[in-house]
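Asks: got a sequence here, can you model it:
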Amino acid sequence: MTIPQRRALVASPTPPAQAAFQALTETHEWVPPEEAELIVALGGDGFMLQTLHAMLERRKPIVPVFGMNLGTVGFLMNEWRSHGLEGRLERTKAFKVVPLAMTATTISGEVFALPAINEVSLLRETRQTAKLEVTVNDRVVLSELACDGILVATPAGSTAYNLSAHGPILPLGSNMLALTPISPFRPRRWRGAILPDKARIGLRVLEPGKRPVSAVADQREIRDVALVEIAIDRTRELTLLFDPEHALDDRITMEQFVA
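Replies: Below is the predicted model of the structure:
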């Protein structure tokens, strides 16, 4: 790819990321993120999500992001190397990621609209089991799901919380969403569903006063929700850049063979 000349460098506050930030600041020229045509992010997966969400909140510009891992897992990141950045950027492979749009209505009637790149999850707030009604395209598919929670994951997020909850891994570009229960009690044999990403998913909390539930869009939580509606937002497509030997689609596929 042709390397954009206006590039921004951002880093998590951890000591390794800050040391790398200082090293790259001394050897390259950077512009503020709001002026950039490309962003280089230093940190872990959590910081990558923060960087992407910051762009979504600004709405414009939404530019490609090349991450280098200075965190723990770094699934959404490339390997950290202090040298050869120009050549790496020239050879990158781009992957499109489409976020979810979550609209959450609380018991008191407040409405919150938040994006989610990995997943939207509903979680019980107390010792009481959550009870949820699940709809797909306004059709009730589960009249009562008793569980610790439920989540809706994108392909990019299917190897994160979704996989830990025994949900399926979705290949990038599959145009599917994973609907995965968290510790389901009734119906006991229901283990989730794979839905086309054009589906509109509704999650209504039954007995929300007695059995309070929170909704989390990636890293942002809304407490005491009564209704959560989830759909793909194709108007805010994101682009992640990867080294060819470290491509995101291949990493997601190979997660199916990790013991």
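Asks: which non-adjacent residue is nearest the residue nearest the centre of the chain?
Replies: With distances taken as CA atoms, centre = their mean, the residue of the chain nearest its centroid is N118 (2.0 Å). What sits nearest to N118 in space, not counting adjacent residues and going by CB to CB, 6 or more residues apart in numbering, is G157, at 2.9 Å. To be clear about C-beta, it is placed using only N, CA and C from the backbone, and glycine gets the same treatment.
Asks: helix, strand or coil for that neighbour?
Replies: Under DSSP: H, G, I helix; E, B strand; the rest coil, G157 falls in the coil class.
Asks: identify the residues contacting it.
Replies: Going by CB atoms under 8 Å, 6 or more residues apart in numbering, G157 touches 116-119.
Asks: residue contacts, V10?
Replies: By CB under 8 Å, 6+ apart, the neighbours of V10 are 33, 39-42, 51.
Asks: farthest pair in the residues you listed?
Replies: Using CB to CB, the two most remote members of these are P33 and L42, lying 13.0 Å apart.
Asks: who has more neighbours, those two?
Replies: L42 (27 against 18; other CB atoms under 10 Å).
Asks: low pLDDT regions in the stretch 51-200 of the chain?
Replies: Residue ranges of the stretch 51-200 of the chain with pLDDT under 70: 59.
Asks: can you give me the helices in it?
Replies: Per DSSP state H, counting those that start in this stretch, the stretch 51-200 of the chain carries helices over the ranges 85-91, 161-164.
Asks: most neighbours per residue, which of the ones you listed?
Replies: Ranked by mean neighbour count, the helices of the stretch 51-200 of the chain are led by helix 161-164 with a mean of 18 (mean count of other CB atoms under 10 Å).
Asks: so which elements touch that helix?
Replies: Here helix 161-164 touches strand 119-124, strand 149-153, going by 3 or more CB pairs under 8 Å, 6 or more residues apart in numbering; DSSP states H and E.
Asks: format the contacts of V10 as CSV; extra columns: secondary structure and distance to M68.
Replies: Shown next, in CSV, are the contacts of V10 (DSSP: H, G, I helix; E, B strand; the rest coil; distance: CB to CB, whole Å):
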residue, secondary structure, distance to M68
P33, helix, 16
I39, strand, 11
V40, strand, 7
A41, strand, 7
L42, strand, 5
T51, helix, 12
